[in-house]
Every structure is written in structure tokens, then in C-alpha cells.
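In: this one's sequence-less:
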């Protein structure tokens, strides 16, 4: 048994092995939120987490939702000190295709210092390192320097469908000064990172209806407008030849990233050719005047996600299709608004649609973009904690994808959000052989433990 | 029993009921060439036809092919007179979906003077009326005024895959002055028609390859070229805004239809609005400066027949697709050549393909367009026979679709081809409830019987 100590970091060092064992227990529960046959497992993972929070001294309980329960843990023993809300999720992606795993998805296996298991990095490992940081404080000092709320949902992998309503309903109880989330990756091994932006989303389906049914292209072709050709013509108007989005008004609300942030992004060690090869793309492309990382993190896009029309099987069928469909989505950056983009998209499509077909634009879902204020006590505390534990200054990164709950927390709770993740590139978050670096798991807990002290003092 | 007579037309009138009964026997054989479970039925139909030809006095036999047999019947008792080759097919389309038939597909049923059955108009009824015309001559006069070869295949509905080789191999035996084919429709009820042109075909698949696998549109979108968007841009270059095909050189080989033919087409009673409503299209379209019938019969096209890329299911999936595919086909008119169109298409696509993706164009199949010489003894004889039997001058029509064997007969046998059909608009040739007018079946036999006399005298 390790000796009691007053230092949370030393406690974490002394109890590293037990922390791993506990994490592995958590990872063994197949809490696949998307599969109803795992509903019992998902509830079991929620109960496991509640018990883990209660064991270290938080008031912890399950809160029912129409779906999987929310786990809430609270420690409010620091009146007058700020309140931090830690958000994470205990559900995981389905593990299929199982045959592509080198070791069983729900039997954590260590290779080369990494633990392989579904949920290891997304997000059980990154959530549990916060629990370990809290334990380190409470076991060594009996108290935390800040008030803490742990909010873990079980539906992140299925769209967080019940989270916003819970946060709205409980916003008095969840009132906090800042939200800390570890559900992202570092820029590279050994390079601690703070995620400063997320792109938003406006996802559309465009349906072009031509004739009432499929027609013979010999008997009707040349006199009846072809909806697939009409769709192609519509889609071709969405970009200029140089890759700029050509939907009028599309860029109007874009607030350029500060030069200082762009300069930091340009200074990051990034190999375009390595990125291209990893994507397996014949070449890279995108808006002129921006680096690859700027295109991914700071610029909005318009992409075709799917196309379907007429005959798509082997060989030839001479059909003039009745209809054609495209899935088209825009990634958004601050301050683009999904509803305004919907209006611009609909107006553009209506303007460019060729005659002789009926075109409808349906907005399937949207999410706002987000950008952090790169400053303030929480940001500064995180920077220092990362620098101390990793031995180098953190870099500021962006994220091309979307995490809709971030905007919800900021809007409903009025709190600053800090995204500090300990995953790594290539971690296979939604793929077979998901893994997390055990060193990052350990260092991550130390960073969070140190963050409490630094933030409390700020 | 009807009295013997010297007049083939009177014989046909007297034996009309028996002719129908025999046709119904032929229609009851489900000779679906595309379905191997019907191989026995298909062979049975070939044997039935051979026996019918032998019964009226032709030398008739089955000729084996790698697929379904070819039926050949010959009567060569008019040395010095011209030789006519009658082409038709005894196989039929599949009858599915069976539940949409108002009476069983292989139980001929008469309603409103039409016989409903699979194969009634395509092509058993139209082939068998030639047999009845031959019988009328042979039974009344014991001879024909011309030499006749009946060539019926059992693979027309599966691409006539063995016909060209048979014609090539037997071209000495099949030597003839003219080919007569009844496998098309009249322009309208009561309006006898001669089909003067067929469009050809060049059918392509365009494949656009982007990244090696589907990518997350958040993590890669904006920096990796999107193959579906590239495909849309390529397809959008294939027409000008007014509907003209914009592939350079596409129209170079087009030989304009004579003004006289265009004038005849413009004089046909054709209701654009009725055509539009029947197609169920919001509007009509096509090349400026041409009527609907001219667009269908005299002008080439470029159509998208199919599109497939990325996610096409319900809802939203944020995928940057690895690839995108289009089926694109051109209907051709004389003297466009499928191989030259392939060259032009490939060159055009290579020129307009956006950077960052790999594009391949595959020519799946092609067929030459065909145009009749509107004159000469066979054409004149057909005109007069149709006028006598139907009581009005025939009209000259075109056909937007393709019948590749027509070009083969013309090329291999060096024979004039006459396309004179007795179907009607709406006959459901490849659909449930296929039908043929029994009056047209009867008149058609009279037209063909009269044609022999008029052609022999010319």
C-alpha cells in the first residue's frame, strides 16, 4: 500500500497501477448506446461510474432520461471558489466489424504502452482520468480547491439526443464558471494541445424530381429533362473553379481567425504529403490562400456526402431516371448560423435549378460552430498545467468536425468551455483497434489535478 | 369450313378466327429468354414456330446457338424473283411483376378487341402475322410471288447475343434483297406507319476516385477533393444551358434529316402536352429549334442514367466519399459512330476533370444509328399495301430507341431493311398488361400478303 501523501501528483504516481485496473474494468462493460441488446450493459456502465464517483466522495446519482441515464456527481465543498463542470460520456461506438480487432474489443489489452479497447480513448479513458484527478485531491487533502460537477451522458455516440433538455431543465443546478471536456486528441505525441475551435454543420438533402416514373431513355431522352443531369448542374454551381464556395452570401458571417492564431497554426509541424498519403487522395485541394490545417479548422466547406439516381448496378440500363438525390453538407465556422446557411442554400438552389424539374431542399440537421476565447484564467491555467506535466508549451489546434454539446453548454450555462484532450492521431476512435496511450492517461490525470490548483488561485 | 379461294386477303378473312387461336397457343408458351428456368419453354416455342412454318410448306429447322435456337424457314420456289427475309423473335420479356397483370401473362385474354399477354405485340403477334400472310398465299395459290426466308431468334430480349455470328456464318444462305421486320408500333390507331430511323447508342460508365476510403467530412473536408462534387462538375459540362450537348465534336458527324422528312414529322398529329402528361414530367425540354418528335427521332442526346456515391440512406452521414460513379449514355443519329463518340467523350472528360481525383471512362456498349432510304421498290410497295389495307397513306416515323440487329442485317447482307410495325402506343411492350390489337394483327397479315405481290411486280 502506498503511503498517504499531501501531493495529488505523487498520489497519482503511487496509484497508477490501480487506476489502470479500474479503467480496464470500466472498458470491459460493452456500453454500446446504439444497440438495444446492450441497454443493460449501458446502464451497468452508468452505475459503475456513479459508484466510482461516490467512492471518492462525490454526491453521485443516475438521472433518468427517455434514453440512457445521465450520471451526475457533485462536490460543493469550496464555497466562494469557482465551479468547474466536467463533461464526458460513458457510452461507446459499436465494435463491429469484430473480425478486424487484433484483440477483443471489450477485453482491454496492452501493447506498446497503449490500451486497446472500444471506448479506451472515446471517451471512457479520457473521462476516467478526471475521476482519478478528483480522487487524488480528495484522498490527499480531503478537499478540492474548486467546486466540481461531473456530468456524464450515455448517448454521445447516438447524437446526445436527451442532453440539451437535461441541461436546460437543470441549468440552476449545473450553473458553473467553466466546462472542461476531454474528448479530443493532442496534435501529436508529446505535444499537449488545447482545442480552440469546432466547425458547425448544416446538412441538406436535395431531391430533384423529373418524370413520374423511370422512362426509357430511347423513347423519351432528348425531350424530357433528366433530373440526374439537373442535379449535377445544381451541384456544379456550389463552388468556383478554385474551390471557393460560390453560394452567394455564404462567407458573409465568417469572422476571420486572428492572425496570431493563424500564425500558431502555420507553425505547427504538419506534413501535407503525409496527410495526403494517409487520406489516400491523389492530391490535396481546397480554398486558395490557406494551409491544409487552416482549411480544416478555420474555413467553411460545402461537400457532397452522397448521390443516388437511376440505375447503379453492373452494366448498362437505358433509363431516364424519375429522380435524383444528393446529400450535401456545409461545415461552418464562427459566426455562420445553420439556419441562415439553410436560407442561402435554398435560395441558391432555387436560382440555379434548371427548368423542367422540381427541386426541394430539406435541412436534415444543423449545429453551430464554436470558437474559444484564447485567454482568461481557465485557459491560462490549462496552458500552465499542460506545460508543467508535458514539459513543453501546449499548441492551439482546431477541429474540423463538430461537437454540438459544446455550443449548448456555452449558450445555456453561459460558461467558458475548455477542450483539452489526451488522445493521439491514429487512435481509431470509431474504428477497430481503438486505443489510448496509458502514459497520456496518467499525464492527463496529472494535468487535470494541477489545473484545479492553478484555476483556484487565478 | 371456309371455301378455297384464290385471294390471300379473302383467305385471311375466312380464317381469322383460327389464326387467333393459333396465336393464342403461341402466346401460352412462356418463352422468357432471360430466365433459365424457362429454357425448356423457350425451346418449345422455337419448336412450335418451326412446326407452324413447316405446316404451311416452308423448309423449317432449328439451328443451335450457344444460347436459344434460331428458327429458319425457307421457301425458294420463285427463281428469278427477289428474296425477302422476315426477321422476328419468339422470346419474350419476363412477366414480373405478376401482381400488376389484370389477367395471367401467359393466358391470352381478349378485352376491347385487344389480346392481353406477354409477347402479344413484342414480338410473337407481329412475327406470326407474317406466317399467316405466307400461309394465305401458299394455301390459295400454292406458291409465293417472291422467295422468302423466315429468321426468328430466341434472344432478342437478352441482347441478340448470338444473332450476328449466325448471320455472318450463314450469310450466303441468308442472301436476300430486302429484310422486313415487324417489331415496332404505328404512330396512332388507324395511322399506318413506316419506321425510317433508329438511334444508336454509346453507353459509358464514369468513375471518379478520390481518397482510398470514405473519410470523415469534418476531419478532411475542405482539404481533400470530393469525388462526388468532381463528378457533378464533369457532368455539368456535357450540355450548354439551352440543352445542346457541349462535348466538342459531338455533332460533327450528324447528317441532318432531309427537310421533306422533317416536314412530314412536323405534320404528324402530336400533342406535346399529352406527351408531357404521359411522361409525368413537370415540363418538356431539349435542344432549341426542334419539335419534340424531332428531338426524339432525329437528334442525338447525352443522358445520365445513374448516379451513385457515398451515403444514400435515410438521414445524415458526414462522409467524404472515396468514389463517385455515373452511367452516361448517348443516343446517336446517322452518321455518328459509337467508337468516335467514345473518343470524344473520353477526351472531353479528361479535359474538364477537376484536379485531385482520378477519372476513368469505360465504354460499356455501343450500337450504330440507322436511317432508311425513303424510296425504292420495297418502300413503295409497303406504302401502297398499307394505304390499301388501312384506307389512308402511311406516315413516316422515327424511333428514339435502338434495334442493333437492323444495322447488322444492312451491313452483313447488304439488304434494304423495312421496318413496318403494327403495335400501338401504350401497348406495354416491356410492362405488365402487354397487349396487341387483334384488328391490327389481322390487317397486318393482309398488308404483308399484299406486299409480296406489289414487291414482286415492282
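Out: Alright, I've got the coordinates. Keep in mind that this is a model prediction, so the values were computed, not measured.
In: Mind telling me what element residue A:44 is part of?
Out: For residue A:44, the element it lies in under DSSP states H and E is helix A:39-55.
In: which helices and strands sit right next to that helix?
Out: Judged by 3 or more CB pairs under 8 Å, 6 or more residues apart in numbering or on different chains; DSSP states H and E, helix A:39-55 is in contact with helix A:16-27, strand A:59-63, strand A:70-75, helix A:125-141, strand A:147-153. Bear in mind the C-beta positions are built from the backbone N, C-alpha and C, glycine included.
In: Pull out the buried positions in that helix.
Out: A:41, A:42, A:43, A:45, A:46, A:48, A:49, A:50, A:52, A:53 (16 or more other CB atoms under 10 Å in any protein chain shown).
In: For the fifth one, list the residues it contacts.
Out: Residues in contact with residue A:46, defined by CB atoms under 8 Å, 6 or more residues apart in numbering or on different chains, are A:31, A:62, A:68, A:69, A:70, A:71, A:90, A:152, A:154.
In: if I look at the second one, how far off is chain B?
Out: Here residue A:62 is placed at a distance of 29 Å from chain B (CB to the nearest CB, to the nearest Å).
In: and if you look at the fifth one?
Out: For residue A:70, the distance to chain B under the criterion CB to the nearest CB works out to 24 Å.
In: ok, now which ones touch that residue?
Out: Shown in contact with residue A:70 (CB under 8 Å, 6+ apart): A:46, A:62, A:63, A:151, A:152, A:153, A:154, A:162, A:163, A:166.
In: My guess is the second one contacts residue A:50. True?
Out: Just to be clear, that refers to residue A:62. Yes - with contact defined as CB atoms under 8 Å, residue A:62 counts as touching residue A:50 (5.7 Å).
In: list the residues that contact both of the two?
Out: Common neighbours of residue A:62 and residue A:50, using CB under 8 Å, 6+ apart, are residue A:71.
In: in what helix or strand does the nearest residue to residue A:16 once chain neighbours are set aside lie?
Out: The shortest distance from residue A:16 to any non-neighbouring residue, by CB to CB, 6 or more residues apart in numbering or on different chains, is to residue A:442 (5.6 Å). Taking DSSP H and E as the definition, residue A:442 sits inside helix A:438-457.
In: ok and that helix relative to helix A:125-141, angle-wise?
Out: Counting by axes from the mean of the first three to the mean of the last three CA atoms, to 10 degrees, helix A:438-457 points 60 degrees away from the direction of helix A:125-141.
In: Could I get the average pLDDT for helix A:438-457?
Out: Helix A:438-457 carries an average pLDDT of 97.
In: Can you report how many residues lie near residue A:367?
Out: 21 (other CB atoms under 10 Å in any protein chain shown).
In: do residue A:211 as well
Out: Residue A:211 is flanked by 23 other residues according to other CB under 10 Å.
In: again with residue A:358
Out: Residues near residue A:358, counting by other CB under 10 Å, number 15.
In: residues touching it, list them.
Out: By CB under 8 Å, 6+ apart, the contact set of residue A:358 is A:208, A:209, B:282.
In: okay but the second one is in contact with residue B:281, surely?
Out: No - between residue A:209 and residue B:281 there is no contact under CB under 8 Å: 9.3 Å.
In: Show me which residues of the stretch 101-250 of chain A sit near chain B.
Out: Where the stretch 101-250 of chain A comes near chain B, counting by CB under 8 Å from any CB of the partner chain, the residues are A:199, A:201, A:203, A:209-213, A:215-226, A:228-229, A:231-239, A:241.
In: now do 7 Å
Out: The stretch 101-250 of chain A has residues A:199, A:203, A:210-213, A:215-226, A:228-229, A:232-233, A:235-236, A:239 near chain B, with proximity defined as CB under 7 Å from any CB of the partner chain.
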